[in-house]
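# sequence first, then the predicted structure, then my questions.
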Amino acid sequence: MFRTDFPSSLQALPVAGGGLYYAEAFLPPAEADDCLAALRREVPWKQSEIRLYGRTVREPRLGCWMGDAGAVYRYSGTVFRPEPWIAPVLGVKQAVEAATGQVFNSVLLNLYRDGRDAMGWHSDDEPELGPAPVIASVSLGGVRRFLLRERRAGARSSGIALAHGSLLVMAGDLQQRYRHSVPRTAKPVAARVNLTFRRILG
Ligand SMILES: O=C(O)CCC(=O)C(=O)O
Ligand SMILES: [Fe+2]
């Protein structure tokens, strides 16, 4: 099961139903800085297109799917074959696995170039992740708000500012019960890289 007793101070956040944990200072600042620079340089970033209501639109961010060769992922109607692992991502993966007691075989990397880049409301509830996936999300660079809203009608959203070097873990029935998003912001904000580690079930 998912470890919640780890001394790196993964704290349970107060959301109804549980399943959300946060470590604000997961990576030491110097390590987080180096990692951000390496990822911006070395990840083969792409701007994907998605079909939305019959139109093809470019996603408002850059992305990269990376992982073990067998970890194939489908997202918004597109099949992603993972790019091979690169060293700086493997370094973060190892730290995340130690902190969570989970083993991950893939990661979705997102690059939010500025406040206009964003991610819309969604749940990471693809069948290949299984019914109650543990998803570990590391944030680097500009601080952005991560919003969470229950799927039921009339639910209100709550938010958390994800710090440079932080780790957010989504577990339990969080994906079934909630959607999440990273909204655009008009405030000037530095570029942000986010890594969401996942385990695709074979
Ligand atoms: O950028 C973030 O913090 C969230 C990313 C996310 O939700 C995803 O990759 O599925
Ligand atoms: Fe997500």
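Noted; the coordinates are in hand. Ligands and ions are numbered 1, 2, ... in the order given.

# hey, let's count contacts and neighbours off CA atoms from now on
Will do.

# point out the residues in this structure that sit beside ligand 1.
Residues of the chain lying close to ligand 1 (CA under 6 Å from any ligand atom) are 108, 124, 146, 182, 194, 196.

# show me what the strand or helix carrying the third one is packed against.
Element membership of residue 146 [criterion: DSSP states H and E] is strand 144-150. Packing contacts for strand 144-150, counted by 3 or more CA pairs under 8 Å, 6 or more residues apart in numbering; DSSP states H and E, involve strand 157-162, strand 178-182.

# got the CA coordinates for it in PDB?
Extracted in PDB, the C-alpha atoms of strand 144-150 (Å, rounded to 0.1, in the frame of the first residue of the first chain):
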ATOM      1  CA  ARG A 144       1.200  27.700 -10.100                       C
ATOM      2  CA  ARG A 145      -2.100  27.000  -8.500                       C
ATOM      3  CA  PHE A 146      -3.400  23.500  -8.700                       C
ATOM      4  CA  LEU A 147      -7.200  23.300  -8.300                       C
ATOM      5  CA  LEU A 148      -9.300  20.400  -7.200                       C
ATOM      6  CA  ARG A 149     -13.000  20.100  -7.500                       C
ATOM      7  CA  GLU A 150     -15.400  17.200  -6.700                       C
END
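
# return the most buried member of the helices and strands packed on strand 144-150.
strand 178-182 (a mean of 20; mean count of other CA atoms under 10 Å).

# that one pairs with which strands, parallel or anti?
Strand 178-182 has the following strand partners under DSSP bridges: strand 119-122 (antiparallel), strand 144-150 (antiparallel).

# please give me every residue in contact with the most centrally placed residue in the chain.
Relative to the mean C-alpha position of the chain, the nearest C-alpha, by CA atoms, centre = their mean, is the one of residue 196, at 3.1 Å. The neighbours of residue 196, taking CA atoms under 8 Å, 6 or more residues apart in numbering as the test, are 107-109, 135-138.
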